[in-house]
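*Asks:* Here's my sequence, what's the structure:
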Amino acid sequence: MKNRTLTFSIFRYNPATPEIKPHMQSYQLDETTGMTVFVALNRIREEQDPSLMFDFVCRAAICGSCAMLINGKPRLACKTLTRDYGSKITLMPLPVFKLIGDLSVDTGTWFRHLSIKTRAWIHTNKEFDPKALEERMDNATALEIYEPERCIECGCCIAGCATANIREDFLGAAGLNRVARFMVDPRDHRTEQEYFEVVGSDEGVFGCYGLMACDDNCPTQLPLQWQLAFVRRKMAVAGLKR
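*Replies:* Numbering: from 1, shown residues only. You can find the predicted model right below:
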């Protein structure tokens, strides 16, 4: 079977050269067997336009760097096969995050702010003893912690979130998933009231519209719908107690 010729319509804009207005630029490429959007972008940059900017690290859907809008939906370029699309594919940068250039956005600063805002570390009054044996944990609890830890911080859930696209202070599913991870960790000694101070507002769990685009767009298929419901129930009870 003859390979198709694909047309990629790609968003172009470099903030360092504001005199060149944002625009869409088309590139044509012969499709190869098993081609991903990531492979196509590398070929375009190597064979046609070395100025094209996009991010990648692992090429294995682990780092989350290559997230972008593919035909309007947040996806990982390295995990997206061109054969699943028509002959024209539109690529744009993720919304919400600061644009670096073309398809490259700054998710790192956003997630660093998220970690600080949610205080994403173990809170305990225990004095650290470097000679003590590490604390044991039953398998069921360890698995509960592991599940939200699978987040690769790609930003797909944030880019697809209606609230995050409206207000920049919203923690989004990534933030609430992060909080859920510490809520089930027996080593964290924060009370529900202390968690309420972090996420018990419209910047946190009560700002969610419940459209569940985050759950639909997560490339690692995290159960974000369940995590959001878990945190919301906890915070609703904490709010009533206040």
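
*Asks:* Going by C-alpha atoms from here, please, whenever you check contacts or count neighbours.
*Replies:* Will do.

*Asks:* Got the domain ranges for the protein?
*Replies:* 5-105, 118-241 (automatic domain parsing).

*Asks:* possible to save these as JSON lines with mean pLDDT and mean neighbour count?
*Replies:* As requested, the domains of the chain are arranged in JSON lines below (pLDDT from 0 to 100; neighbours: other C-alpha atoms under 10 Å):
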{"stretch": "domain 5-105", "mean pLDDT": "97", "mean neighbour count": "18"}
{"stretch": "domain 118-241", "mean pLDDT": "93", "mean neighbour count": "17"}
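
*Asks:* of all these, which lies closest to Arg112?
*Replies:* With C-alpha to C-alpha, the closest approach to Arg112 among the domains of the chain belongs to domain 118-241: 10.0 Å.

*Asks:* which other helices and strands contact the longest helix along the chain?
*Replies:* Ranked by residue count under DSSP state H, the longest helix found in the chain is helix 224-241. Judged by 3 or more C-alpha pairs under 8 Å, 6 or more residues apart in numbering; DSSP states H and E, helix 224-241 is in contact with helix 172-183, helix 192-199, helix 213-217.

*Asks:* how far is the shortest one from where the chain is centred?
*Replies:* So the one you mean is helix 213-217. Here helix 213-217 is found 10 Å from its chain centre; the criterion is C-alpha atoms, centre = their mean, to the nearest Å.

*Asks:* Can you tell me which helices and strands it packs against?
*Replies:* strand 73-76, helix 156-159, helix 224-241.

*Asks:* Can you tell me the strand partners of the first one and which way each runs?
*Replies:* Strands adjacent to strand 73-76 in the sheet, as given by DSSP bridges, are strand 67-70 (antiparallel).

*Asks:* what does the partner strand rub up against?
*Replies:* Here strand 67-70 makes contact (C-alpha atoms under 8 Å, 6 or more residues apart in numbering) with 74-77, 89-94, 103, 154-156.

*Asks:* if we look at the helix or strand hosting Gly108, which residues are touching it?
*Replies:* In the assignment (DSSP states H and E), Gly108 maps to helix 107-117. By C-alpha under 8 Å, 6+ apart, the list of residues contacting helix 107-117 from outside reads 97-98, 153-155, 171, 175, 198.

*Asks:* Please look at Thr82 and Met35 and confirm they touch.
*Replies:* Yes - between Thr82 and Met35 there is a contact at 5.9 Å, judged by C-alpha atoms under 8 Å.

*Asks:* So the closest residue to Met24 other than its chain neighbours: helix, strand or coil?
*Replies:* Using C-alpha to C-alpha, 6 or more residues apart in numbering and skipping the chain neighbours, the partner closest in space to Met24 is Phe11 (4.6 Å). Of the three states, Phe11 takes strand under DSSP: H, G, I helix; E, B strand; the rest coil.
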